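> Task: produce atomic coordinates for the following.
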Amino acid sequence: MIVDAEDLIGTARRSVGLSEFGPDGWQEGLERLLRAARSDLTLDEVAAQALARTVHGRLTNRLLIEDWYRRQPTEPPPVEALVVIHGLPRTATTALQYLLARDPKFRYQRRWEISSPVPSREAVSDAEDDRRLAAISRGEDTKGGSAQHISELDGPVDDNLILGLDFHNQELGLPLPSYTRWWRGSSLKTTYAYHERVLRLLHNRRPPRRWVVKAPYHNFHLSDLAAQYPDARFVMAHRDPAVALPSACSTVATAQRNALPQQPPDPAALGSFLLEHLVEGIRRAIADRAAIGEHRFIDVTQQQMEADAVGTAERIYDFLGLELDDSTRTAMAAWAAANRRGARGRHRYSAEEFGLTKSKIRTAFGDYIERFDVAPEIE
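Now for the predicted structure:
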């Protein structure tokens, strides 16, 4: 079954009665995504419909965002400051973002707003926002998430939905290795420009303008991100890759099975691809970090987070030149206690189920382990 870009673009325009998609840059990513779907997937009717729904949502959101900008009497204010959490996946990046999100000084994306960035009614509170109410009606108000994910209705989410609006997200939720390889070698300059465009929309009606964003896959394009946000500061999370990588494999495998249950991933192929992919991401992060400047980075390990989350936050605040007040300190301590490892059950996985060994993984990440003195983890 063929999924055609022009058909999808036309359908999106007709569905909302709008025509302008905003700044260029997204078109190549869309074409590459559809090309990869045709080459990497068995594109049966179910898979084609799932892909079409994803593309339709992104295109209609772009149309609505650009219409929102057209209707504004003045340009929304710029991002005041940006804190970027990145590193290997499964290294407590989500926990770090949730921890900083306890502080009302920070703005972050909530899934219910970033899934549909333009509100239907702007002069309402969050509690009355139609998008939030719809999320509750879908059962998304559960606390805590699962053993694999921390998730709360009003908690932060990572940048994948924004990057997807420019069709430059790594797309590991579908088995599209040819697209992901293209993506990691492409420029994300237009993508990060659109990233800021969306953040400005979001904080226009709901400040503050000091953002904390998170995505492990920022590793691949830190220089493009830093060029868009020249004052950004970076928090790099670390963990033994022999544990982090199999955990990532398990999480990606679950996402791919949920997306396409008729086409479950081959575990060994997935393990091999993610090893290649994440080693390359760390290599690029190390090179870009040296070019951007070490003074703009702070390193945090998962062990430090688990041993003393508030102390870790204090160190980050010192790095950012911010004050950690007593009420935020108390909120952080309460959140950390409620979300300690194992609080949502145990996430079980192994290197071997993905055709890997801990020794092979540590060898592949040898430069990273040596550079950051990453300690082996004994589970």
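
> Kindly export the strand or helix carrying residue 132 (C-alpha atoms) in CSV.
For residue 132, the host element (DSSP states H and E) is helix 130-137. The C-alpha coordinates for helix 130-137 follow below in CSV (Å, rounded to 0.1, in the frame of the first residue of the first chain):
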residue,chain,number,x,y,z
ASP,A,130,-10.1,21.3,26.8
ARG,A,131,-7.0,19.4,25.9
ARG,A,132,-6.3,18.4,29.5
LEU,A,133,-9.9,17.4,30.1
ALA,A,134,-9.8,15.3,26.9
ALA,A,135,-6.6,13.6,28.2
ILE,A,136,-8.4,12.8,31.5
SER,A,137,-11.3,11.3,29.6
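
> Remind me what it packs against, helices and strands.
helix 111-114 (3 or more C-beta pairs under 8 Å, 6 or more residues apart in numbering; DSSP states H and E). From N, CA and C alone the C-beta is placed, and that goes for glycine too.

> I'd like to know which elements the helix it packs on is packed against.
Using 3+ C-beta pairs under 8 Å, 6+ apart: helix 111-114 touches helix 130-137, helix 160-165, helix 189-205.

> Could you list the residues in contact with the shortest one?
Which is helix 160-165. 26, 54, 58, 61-62, 65, 109, 111, 114-115, 169-170, 188, 191, 194-195, 198-199, 215, 217 (C-beta atoms under 8 Å, 6 or more residues apart in numbering).

> and if you look at the first one?
Among residues not part of helix 130-137, those counted as contacts by C-beta under 8 Å, 6+ apart are 110-113, 115-116, 119-121, 126, 141, 153-154.

> Quick one, which of these has the minimum pLDDT?
Lowest in pLDDT among the contacts of helix 130-137 is residue 141, which has 68.

> that older thread, tell me which residues of the helix holding residue 132 are tucked away?
Neighbour counts over helix 130-137 (16 or more other C-beta atoms under 10 Å) mark 131, 132, 135 as buried.

> what are the ranges of the helices in the stretch 151-300 of the chain?
Here the stretch 151-300 of the chain has its helices, by DSSP state H, counting those that start in this stretch, at 160-165, 177-184, 189-205, 222-228, 241-259, 267-292.

> nearest to residue 378, of the ones you listed?
helix 241-259 (9.1 Å; C-beta to C-beta).

> ok, and for that closest one, which residues are buried?
Quick answer for helix 241-259 (16+ other C-beta under 10 Å): 241-254, 256, 259.

> Next, the angle from that helix to helix 267-292.
Going by axes from the mean of the first three to the mean of the last three C-alpha atoms, to 10 degrees, helix 241-259 is angled at 120 degrees with respect to helix 267-292.

> List the contacts of helix 241-259.
Contacts of helix 241-259 (C-beta under 8 Å, 6+ apart): 50, 88-91, 148-149, 172-175, 264-265, 267, 270-271, 274-275, 278, 347-351, 353-354, 356, 358-359, 361-362, 364-365, 368-369, 374, 376-377, 379.

> Separate out the buried members of the contacts of helix 130-137.
Using 16+ other C-beta under 10 Å, the buried ones in the contacts of helix 130-137 are 110, 111, 112, 113, 115, 116, 119.

> Dump those into CSV; add distance to residue 303 as well.
Compiled in CSV, the buried ones among the contacts of helix 130-137 are given as follows (distance: C-beta to C-beta, whole Å):
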residue, distance to residue 303
110, 29
111, 28
112, 33
113, 33
115, 34
116, 38
119, 41
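
> Pick out whichever of those sits closest to residue 74.
Distances from residue 74 to the buried ones among the contacts of helix 130-137, taken by C-beta to C-beta, are shortest for residue 119, at 17.9 Å.

> Tell me who's in contact with residue 231.
Residue 231 sits in contact with 81, 82, where contact means C-beta under 8 Å, 6+ apart.

> just for the stretch 101-250 of the chain, where's the confidence low?
141-149 (pLDDT under 70).

> Including distance to residue 207, could the contacts of helix 130-137 go into a markdown table?
Converted to a markdown table, these look like this (distance: C-beta to C-beta, whole Å):
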| residue | distance to residue 207 |
| --- | --- |
| 110 | 14 |
| 111 | 20 |
| 112 | 18 |
| 113 | 14 |
| 115 | 21 |
| 116 | 20 |
| 119 | 15 |
| 120 | 20 |
| 121 | 18 |
| 126 | 13 |
| 141 | 24 |
| 153 | 20 |
| 154 | 16 |
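
> Tell me the residue in the chain that is farthest from the middle.
Seen from the C-alpha centroid of the chain, the residue lying at the greatest distance (C-alpha atoms, centre = their mean) is residue 73, 31.3 Å away.

> Could you check how far it is from residue 204?
11 Å (C-beta to C-beta, to the nearest Å).

> Residue 217 now?
Following C-beta to C-beta, the distance that separates residue 217 from residue 204 is 27 Å.

> the more surrounded of these two?
residue 217 (22 against 17; other C-beta atoms under 10 Å).

> Surely that one touches residue 284?
No: at 10.6 Å, residue 217 does not count as touching residue 284 under the criterion of C-beta atoms under 8 Å.
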